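Trainee: Sequence first, then the predicted structure, then my questions.
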Amino acid sequence: KQEVTQIPAALSVPEGENLVLNCSFTDSAIYNLQWFRQDPGKGLTSLLLIQSSQREQTSGRLNASLDKSSGRSTLYIAASQPGDSATYLCAVHAGGTSYGKLTFGQGTILTVHP
Amino acid sequence: GAGVSQSPSNKVTEKGKDVELRCDPISGHTALYWYRQSLGQGLEFLIYFQGNSAPDKSGLPSDRFSAERTGGSVSTLTIQRTQQEDSAVYLCASSLSPGEEQFFGPGTRLTVL
(Lines give C-alpha, C1' and ligand atoms only; values in the text may rest on other atoms or scores of the structure.)
Protein backbone atom coordinates (compact mmCIF):
# COMPACT_ATOMS: atom_id res chain seq x y z
CA LYS A 1 0.00 0.00 0.00
CA GLN A 2 1.36 3.38 -1.03
CA GLU A 3 2.16 5.73 1.85
CA VAL A 4 3.06 9.38 1.43
CA THR A 5 4.87 11.38 4.11
CA GLN A 6 5.49 15.11 4.19
CA ILE A 7 8.13 16.84 6.26
CA PRO A 8 7.98 19.20 8.04
CA ALA A 9 4.39 19.17 9.31
CA ALA A 10 4.57 22.92 9.83
CA LEU A 11 6.97 25.66 8.85
CA SER A 12 7.10 29.33 9.81
CA VAL A 13 9.49 31.66 7.96
CA PRO A 14 10.01 35.39 7.45
CA GLU A 15 9.09 36.91 4.12
CA GLY A 16 11.76 36.63 1.44
CA GLU A 17 13.23 33.30 2.50
CA ASN A 18 13.71 30.43 0.08
CA LEU A 19 12.27 27.21 1.43
CA VAL A 20 11.96 23.50 0.67
CA LEU A 21 9.06 21.19 1.40
CA ASN A 22 9.70 17.46 1.35
CA CYS A 23 7.56 14.54 0.25
CA SER A 24 8.45 10.86 0.32
CA PHE A 25 6.53 7.82 -0.91
CA THR A 26 7.00 4.13 -0.25
CA ASP A 27 6.24 2.61 -3.66
CA SER A 28 8.39 4.05 -6.44
CA ALA A 29 6.15 2.63 -9.20
CA ILE A 30 4.25 5.87 -9.64
CA TYR A 31 2.62 7.35 -12.70
CA ASN A 32 3.04 10.98 -11.68
CA LEU A 33 3.15 13.27 -8.65
CA GLN A 34 1.11 16.40 -8.07
CA TRP A 35 1.63 19.29 -5.64
CA PHE A 36 -1.36 21.27 -4.35
CA ARG A 37 -1.98 24.17 -2.04
CA GLN A 38 -5.04 24.46 0.15
CA ASP A 39 -6.17 27.69 1.77
CA PRO A 40 -8.31 27.45 4.94
CA GLY A 41 -11.87 26.40 4.15
CA LYS A 42 -11.13 26.04 0.45
CA GLY A 43 -10.59 23.28 -2.05
CA LEU A 44 -7.23 22.24 -3.51
CA THR A 45 -5.38 24.30 -6.09
CA SER A 46 -3.05 22.37 -8.37
CA LEU A 47 0.45 23.82 -8.43
CA LEU A 48 2.59 21.41 -10.41
CA LEU A 49 2.36 17.96 -11.98
CA ILE A 50 5.52 15.94 -12.56
CA GLN A 51 5.36 12.90 -14.80
CA SER A 52 7.34 9.86 -13.68
CA SER A 53 9.75 10.36 -16.59
CA GLN A 54 10.53 13.95 -15.56
CA ARG A 55 13.04 15.21 -13.02
CA GLU A 56 11.53 18.61 -12.34
CA GLN A 57 8.86 21.15 -13.20
CA THR A 58 8.85 24.90 -12.72
CA SER A 59 6.08 27.44 -12.43
CA GLY A 60 7.03 30.98 -11.48
CA ARG A 61 8.69 30.93 -8.04
CA LEU A 62 7.90 27.23 -7.61
CA ASN A 63 10.13 24.35 -8.59
CA ALA A 64 9.29 20.73 -7.94
CA SER A 65 11.76 17.90 -8.33
CA LEU A 66 11.18 14.16 -8.46
CA ASP A 67 13.56 11.32 -7.68
CA LYS A 68 11.41 8.30 -8.36
CA SER A 69 14.03 5.70 -7.52
CA SER A 70 14.50 7.04 -4.00
CA GLY A 71 10.80 7.86 -3.55
CA ARG A 72 11.24 11.57 -2.98
CA SER A 73 9.96 14.89 -4.24
CA THR A 74 10.72 18.41 -3.09
CA LEU A 75 8.85 21.65 -3.63
CA TYR A 76 11.12 24.68 -3.65
CA ILE A 77 9.55 28.10 -3.09
CA ALA A 78 11.76 31.06 -3.90
CA ALA A 79 11.46 34.47 -2.25
CA SER A 80 8.48 33.50 -0.10
CA GLN A 81 5.62 35.96 0.38
CA PRO A 82 2.83 36.18 2.98
CA GLY A 83 0.39 35.14 0.25
CA ASP A 84 2.20 31.80 0.06
CA SER A 85 0.82 30.92 3.50
CA ALA A 86 -1.30 27.80 3.07
CA THR A 87 -1.19 24.04 3.48
CA TYR A 88 0.87 22.31 0.79
CA LEU A 89 -0.10 18.78 -0.16
CA CYS A 90 1.85 16.21 -2.11
CA ALA A 91 -0.14 13.50 -3.91
CA VAL A 92 1.09 10.43 -5.71
CA HIS A 93 -0.72 8.88 -8.62
CA ALA A 94 0.09 5.20 -8.65
CA GLY A 95 -0.28 2.97 -11.65
CA GLY A 96 -1.52 -0.59 -11.91
CA THR A 97 -4.64 -1.41 -9.91
CA SER A 98 -4.46 2.00 -8.22
CA TYR A 99 -4.66 3.83 -11.54
CA GLY A 100 -6.78 6.94 -11.30
CA LYS A 101 -6.38 7.48 -7.57
CA LEU A 102 -4.27 10.01 -5.75
CA THR A 103 -2.69 9.11 -2.42
CA PHE A 104 -2.06 12.22 -0.34
CA GLY A 105 0.43 13.16 2.32
CA GLN A 106 -0.75 14.87 5.49
CA GLY A 107 0.49 18.24 4.26
CA THR A 108 2.88 20.96 5.38
CA ILE A 109 1.33 24.05 6.96
CA LEU A 110 3.36 27.05 5.78
CA THR A 111 3.21 30.45 7.44
CA VAL A 112 5.17 33.34 5.91
CA HIS A 113 5.50 36.36 8.21
CA PRO A 114 5.62 39.90 6.77
CA GLY B 1 -17.83 26.15 -16.57
CA ALA B 2 -14.42 27.46 -15.65
CA GLY B 3 -13.78 24.91 -12.94
CA VAL B 4 -15.23 22.08 -10.92
CA SER B 5 -18.30 23.13 -8.97
CA GLN B 6 -19.94 21.40 -6.02
CA SER B 7 -23.20 21.88 -4.20
CA PRO B 8 -24.21 22.48 -1.55
CA SER B 9 -21.17 24.18 -0.02
CA ASN B 10 -22.38 23.27 3.45
CA LYS B 11 -24.82 20.62 4.62
CA VAL B 12 -25.99 20.01 8.17
CA THR B 13 -28.08 16.92 8.74
CA GLU B 14 -29.32 14.75 11.54
CA LYS B 15 -27.96 11.30 12.21
CA GLY B 16 -29.87 8.70 10.23
CA LYS B 17 -30.91 10.99 7.36
CA ASP B 18 -29.81 10.52 3.75
CA VAL B 19 -27.80 13.22 1.94
CA GLU B 20 -26.90 13.88 -1.70
CA LEU B 21 -23.83 15.82 -2.75
CA ARG B 22 -23.43 17.09 -6.30
CA CYS B 23 -20.39 17.62 -8.49
CA ASP B 24 -20.16 19.34 -11.88
CA PRO B 25 -16.78 18.53 -13.49
CA ILE B 26 -14.90 20.65 -15.97
CA SER B 27 -16.52 20.34 -19.39
CA GLY B 28 -14.80 17.70 -21.51
CA HIS B 29 -13.12 15.92 -18.59
CA THR B 30 -13.74 12.21 -18.83
CA ALA B 31 -12.46 11.24 -15.38
CA LEU B 32 -14.22 12.24 -12.15
CA TYR B 33 -13.10 11.49 -8.60
CA TRP B 34 -14.55 11.83 -5.10
CA TYR B 35 -12.34 12.26 -2.05
CA ARG B 36 -13.05 12.87 1.62
CA GLN B 37 -11.05 15.11 3.93
CA SER B 38 -11.40 14.70 7.66
CA LEU B 39 -9.27 15.79 10.59
CA GLY B 40 -8.22 12.35 11.63
CA GLN B 41 -7.80 10.72 8.23
CA GLY B 42 -6.49 13.45 5.95
CA LEU B 43 -7.51 13.20 2.29
CA GLU B 44 -8.73 9.80 1.19
CA PHE B 45 -9.96 8.46 -2.13
CA LEU B 46 -13.60 7.31 -2.32
CA ILE B 47 -14.61 6.53 -5.92
CA TYR B 48 -13.48 7.17 -9.49
CA PHE B 49 -15.44 7.29 -12.78
CA GLN B 50 -13.88 7.04 -16.21
CA GLY B 51 -16.08 7.46 -19.26
CA ASN B 52 -18.62 4.66 -19.52
CA SER B 53 -16.50 2.16 -17.61
CA ALA B 54 -17.65 0.65 -14.33
CA PRO B 55 -16.55 2.96 -11.49
CA ASP B 56 -13.73 2.07 -9.13
CA LYS B 57 -15.54 1.96 -5.78
CA SER B 58 -12.63 0.57 -3.79
CA GLY B 59 -12.41 3.58 -1.46
CA LEU B 60 -16.02 3.71 -0.33
CA PRO B 61 -15.99 3.15 3.45
CA SER B 62 -19.30 1.29 3.70
CA ASP B 63 -22.34 0.23 1.69
CA ARG B 64 -24.14 3.34 2.93
CA PHE B 65 -22.07 5.27 0.37
CA SER B 66 -22.90 5.22 -3.32
CA ALA B 67 -22.30 7.45 -6.32
CA GLU B 68 -23.45 7.77 -9.87
CA ARG B 69 -22.44 9.80 -12.85
CA THR B 70 -25.17 10.61 -15.34
CA GLY B 71 -24.44 11.22 -19.00
CA GLY B 72 -20.73 11.19 -18.36
CA SER B 73 -20.91 14.58 -16.67
CA VAL B 74 -22.59 15.45 -13.35
CA SER B 75 -22.01 13.12 -10.42
CA THR B 76 -23.97 12.62 -7.22
CA LEU B 77 -22.54 11.09 -4.05
CA THR B 78 -25.24 9.69 -1.78
CA ILE B 79 -24.77 8.80 1.88
CA GLN B 80 -27.61 6.84 3.44
CA ARG B 81 -28.41 6.73 7.15
CA THR B 82 -25.68 9.24 7.96
CA GLN B 83 -23.51 8.74 11.03
CA GLN B 84 -21.49 11.30 12.97
CA GLU B 85 -18.26 9.83 11.64
CA ASP B 86 -19.40 10.80 8.13
CA SER B 87 -18.81 14.46 9.05
CA ALA B 88 -16.05 15.69 6.73
CA VAL B 89 -15.39 17.79 3.65
CA TYR B 90 -16.25 15.91 0.48
CA LEU B 91 -14.14 16.96 -2.48
CA CYS B 92 -14.73 16.26 -6.14
CA ALA B 93 -12.05 16.42 -8.82
CA SER B 94 -11.89 15.89 -12.57
CA SER B 95 -9.19 15.35 -15.14
CA LEU B 96 -9.06 15.33 -18.92
CA SER B 97 -8.25 11.63 -18.80
CA PRO B 98 -7.02 9.21 -16.13
CA GLY B 99 -3.53 10.02 -14.97
CA GLU B 100 -3.72 13.63 -16.06
CA GLU B 101 -3.67 16.64 -13.72
CA GLN B 102 -6.62 16.59 -11.33
CA PHE B 103 -8.57 19.78 -10.65
CA PHE B 104 -10.58 20.05 -7.47
CA GLY B 105 -13.83 21.73 -6.57
CA PRO B 106 -14.37 23.81 -3.42
CA GLY B 107 -15.87 20.89 -1.51
CA THR B 108 -19.03 20.25 0.48
CA ARG B 109 -18.69 20.45 4.25
CA LEU B 110 -20.99 17.83 5.77
CA THR B 111 -21.89 17.98 9.45
CA VAL B 112 -23.92 15.16 10.96
CA LEU B 113 -25.48 16.06 14.30
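Mentor: In hand now; what should we look at?
Trainee: Could you list everything residue A:67 pairs with in the sheet?
Mentor: As for beta bridges, residue A:67 partners with residue A:72 under DSSP bridges.
Trainee: Strands of chain A, residue ranges please.
Mentor: Secondary structure of chain A (DSSP state E): strands at A:4-7, A:10-14, A:19-25, A:30-38, A:44-51, A:56-59, A:62-67, A:72-77, A:86-94, A:102-104, A:108-113.
Trainee: contacting residues around residue 36?
Mentor: Using chain A. Going by CB atoms under 8 Å, 6 or more residues apart in numbering or on different chains, residue A:36 touches A:44-47, A:88-91, B:104. Any C-beta I mention is one placed from the backbone N, CA and C, and that applies to glycine too.
Trainee: let's do chain B instead
Mentor: So residue B:36 contacts B:43-44, B:46, B:88-91 (CB under 8 Å, 6+ apart).
Trainee: what about 6 Å?
Mentor: Residues near residue B:36 by CB atoms under 6 Å, 6 or more residues apart in numbering or on different chains: B:44, B:46, B:88, B:90.
Trainee: top of those residues by neighbour count?
Mentor: residue B:90 (23 neighbours; other CB atoms under 10 Å in any protein chain shown).
Trainee: Check which helix or strand it maps to.
Mentor: Assigned by DSSP states H and E, residue B:90 falls within strand B:88-95.
Trainee: Partner strands of that strand, with direction?
Mentor: Strand B:88-95 is paired, per DSSP bridges, with strand B:31-38 (antiparallel), strand B:103-104 (antiparallel), strand B:108-112 (antiparallel).
Trainee: related to what we said a few turns ago, TSV for the strands of chain A, including mean pLDDT and distance to residue B:35?
Mentor: As requested, those are exported to TSV (pLDDT from 0 to 100; distance: least, CB to CB, whole Å):
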stretch	mean pLDDT	distance to residue B:35
strand A:4-7	96	14
strand A:10-14	96	22
strand A:19-25	97	17
strand A:30-38	94	11
strand A:44-51	95	9
strand A:56-59	95	23
strand A:62-67	96	21
strand A:72-77	97	20
strand A:86-94	94	10
strand A:102-104	94	8
strand A:108-113	97	19
